[in-house]
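Asks: here's a sequence, model it:
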Amino acid sequence: MATPELTSELTPGLKSGSADRQALSRRVTARLWRSSQRLVASMLGLVILVIGLGAWTRLVDAGLGCPDWPGCYGALVVPDAQTASLHSPHHPLEGYKAWAEMIHRYAASLLGLAAIALLALGWRIRRQEAHQSQTFEGGSGEAKVTDHWGAEARARFPMAGCWLLLGMLLVQGAFGAFTVTLKLWPQVVTLHLLGGLSVLSLLLLLWLSLRRRAAHLKVTAEQQNADADAAHIRRQPWLTTLAAALLLGQLALGGWTSSNYAGLACEGFPTCNGAAWPAMDWGEGFHLSQDVGPSYLHGQLHGEARTAIHMAHRGGAVLLGAVLLALYWRQRRHLPGRTTARDNPWRWALGCWLVQAGLGVANVLWWLPLDLALAHTLGAVALTLAMVWALDQMRQAARRKQAPVSQALA
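Replies: Now for the predicted structure:
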């Protein structure tokens, strides 16, 4: 039986050992959170690459470079011409186009594997935090912390977002298959592009969420000051909703323009084929039940239908730019003298729109050169990222106003 003297001698050592184990557990948790942030950041870069490769594949007419899916002429890599002719005698092999298509597929497959790895990492983080809470804090397995503005929050890994990401990637894979099997049917091609940009948006939101949740574990004065600055962002609900709707519509119009090969339907700018309002066939241009069966490589619509699509894309760009300018101006008037991008998150969105509009005009004037057409697609990526970030900043500003920053500083 231990004497009181012996117990008193052992207690400090036990406490010290427990503190060391707790510190080690917290370091492991922090390392896992950092790994998840790096993985999502890498996935962001990869999805931009995949979108760029998809645009390149479309622009060099390689969308049907492989007549089957998921392989290419029945193989996992591009075969030789003899093997290809035995598999698809009516579809001659064009090596460059086939490799462009398969590299796009390989990169997209890496995204799926990365999403599975992110789910596994999130599961481990959940287990680690539950173990830490139960062992050292006597809690229910949910690590409760104090967030930036003084409210109690749970720094839990966003597993729901990761499952949603995996589901969206599976749907994207299906769209990729239908793009080939339905021979570039414009509806599927447009949805495939919108799906890629949706994955991009979700990854950015996941990265921002992970960064905030990881910061919950360690609130610094610098972070608190940044939150105090962000709390000055002015909410403009109806304008932000309109901007989001216009962005979605404009991205869809861009995909519809590309999938119907309407980029060269207008000659000249700001006029179109020498007229401010040229002859257009709106009914045929936006006829969404086109026949399935024929190849839509190079498009099936007549000139006036393509002109209608092209002009709709121009009009959508003007409307989106006007709303972004209004959002930027209203925020600037609300904060005179404040000029940082964090104070006015619409600065980057408006800047990306200006660049994107310039690229669109240049593509028309110079007859859609390959490098400018690819840059226009990547400009849409940049505009999407800027607007999703701005919308997220507005949402966070609304949350901060519900709980004064002074609570966090107390």
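
Asks: how about L297, secondary structure?
Replies: coil (DSSP: H, G, I helix; E, B strand; the rest coil).

Asks: run a quick neighbour tally on it.
Replies: 14 (other Cβ atoms under 10 Å). From N, CA and C alone the C-beta is placed, and that goes for glycine too.

Asks: pretty sure it is in contact with W185, am I right?
Replies: No - using Cβ atoms under 8 Å, L297 makes no contact with W185, being 10.9 Å away.

Asks: any idea how far M311 is from V364?
Replies: Note on V364: its distance to M311, by Cβ to Cβ, to the nearest Å, is 11 Å.

Asks: P67 contacts A84, correct?
Replies: No - contact criterion Cβ under 8 Å: P67 and A84 do not qualify, at 9.0 Å.

Asks: higher neighbour count, those two?
Replies: For P67 versus A84, neighbours defined as other Cβ under 10 Å are more numerous around A84 (23 against 19).

Asks: in three-state terms, label the residue lying closest to P67 once chain neighbours are set aside for me.
Replies: Nearest residue to P67, sequence neighbours excluded (Cβ to Cβ, 6 or more residues apart in numbering): H91, at 4.4 Å. Of the three states, H91 takes coil under three-state DSSP.

Asks: what are the phi and psi values at H91?
Replies: phi -130, psi 90 (degrees, to the nearest 10).

Asks: look at it and report its pLDDT.
Replies: Looking at H91, its pLDDT reads 93.

Asks: what comes up buried for stretch 362-381?
Replies: 362-364, 372-377, 379-381 (16 or more other Cβ atoms under 10 Å).

Asks: so which of those comes closest to G249?
Replies: A380 (12.7 Å; Cβ to Cβ).

Asks: confirm for me that that closest one is in contact with L200.
Replies: No - counting by Cβ under 8 Å, L200 is not a contact partner of A380; they are 9.9 Å apart.

Asks: shared neighbours of V364 and M311, which are they?
Replies: C266 (Cβ atoms under 8 Å, 6 or more residues apart in numbering).

Asks: okay, now the residue nearest to P67: neighbour count?
Replies: 15.

Asks: same question for M394.
Replies: Here the number of neighbours of M394 (other Cβ under 10 Å) works out to 22.

Asks: likewise A326?
Replies: A326, neighbours per other Cβ under 10 Å, totals 16.

Asks: again with the one 3 residues further on
Replies: W329 has 13 neighbouring residues, counting by other Cβ under 10 Å.

Asks: give me the distance from the strand or helix carrying it to the chain's centre.
Replies: In this assignment (DSSP states H and E), W329 forms part of helix 303-334. Centroid displacement of helix 303-334 relative to its chain, using Cα atoms, centre = their mean, to the nearest Å, is 21 Å.

Asks: next one: stretch 113-125
Replies: 18 Å.

Asks: and stretch 66-85, which residues are buried?
Replies: 66-67, 72-73, 78-79, 84.

Asks: tell me the contacts of the spatially closest residue to L253 that is not a sequence neighbour?
Replies: In this structure, L253 finds its nearest non-sequential neighbour in H313, 4.5 Å apart by Cβ to Cβ, 6+ apart. Contacts for H313 (Cβ under 8 Å, 6+ apart) come out as 250, 253-254, 256-257, 262.

Asks: recalculate using a threshold of 7 Å.
Replies: 253-254, 257 (Cβ atoms under 7 Å, 6 or more residues apart in numbering).

Asks: could you do V355 as well?
Replies: Counting by Cβ under 7 Å, 6+ apart, V355 has contacts G379.

Asks: state the mean pLDDT of the helix or strand hosting it.
Replies: In the assignment (DSSP H and E), V355 maps to helix 346-365. The predicted model assigns helix 346-365 a mean pLDDT of 97.

Asks: mind exporting the C-alpha coordinates of it to CSV?
Replies: Extracted in CSV, the C-alpha atoms of helix 346-365 (Å, rounded to 0.1, in the frame of the first residue of the first chain):
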residue,chain,number,x,y,z
TRP,A,346,-15.0,42.5,-54.8
ARG,A,347,-11.8,44.2,-55.9
TRP,A,348,-10.3,40.9,-57.2
ALA,A,349,-13.6,39.8,-58.7
LEU,A,350,-13.9,43.0,-60.7
GLY,A,351,-10.3,42.8,-61.8
CYS,A,352,-10.7,39.2,-63.0
TRP,A,353,-13.8,40.3,-64.9
LEU,A,354,-11.9,43.1,-66.6
VAL,A,355,-9.2,40.7,-67.7
GLN,A,356,-11.7,38.1,-68.8
ALA,A,357,-13.7,40.7,-70.9
GLY,A,358,-10.4,41.8,-72.5
LEU,A,359,-9.6,38.2,-73.4
GLY,A,360,-13.1,37.7,-74.9
VAL,A,361,-12.7,40.8,-77.1
ALA,A,362,-9.2,39.7,-78.2
ASN,A,363,-10.5,36.3,-79.1
VAL,A,364,-13.2,37.8,-81.4
LEU,A,365,-10.8,40.4,-83.0
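
Asks: now do it: distance to the chain's middle.
Replies: Distance, centroid of helix 346-365 to centroid of chain: 19 Å (Cα atoms, centre = their mean).

Asks: repeat for stretch 190-205
Replies: With Cα atoms, centre = their mean, you get 5 Å for stretch 190-205.

Asks: again, but for stretch 50-65
Replies: Distance, centroid of stretch 50-65 to centroid of chain: 19 Å (Cα atoms, centre = their mean).

Asks: which residues sit against it?
Replies: 94, 97-98, 100-101, 103-104, 107-108, 111, 179-180, 183-184, 196, 200, 258, 295, 297, 370, 373-374, 377-378, 381.

Asks: ok, now stretch 83-102?
Replies: Contacts for stretch 83-102 (Cβ under 7 Å, 6+ apart): 56-57, 60-62, 65-67, 72-74, 77-78, 81.

Asks: so can I have CSV of these showing secondary structure, pLDDT and distance to R333?
Replies: Listed next are the contacts of stretch 83-102 as CSV, based on DSSP: H, G, I helix; E, B strand; the rest coil; pLDDT from 0 to 100; distance: Cβ to Cβ, whole Å:
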residue, secondary structure, pLDDT, distance to R333
W56, helix, 97, 42
T57, helix, 97, 45
V60, coil, 96, 47
D61, coil, 95, 48
A62, coil, 96, 49
G65, coil, 96, 52
C66, coil, 96, 54
P67, coil, 95, 57
C72, strand, 97, 56
Y73, coil, 97, 61
G74, coil, 95, 63
V77, coil, 96, 58
V78, coil, 97, 57
A81, helix, 94, 65
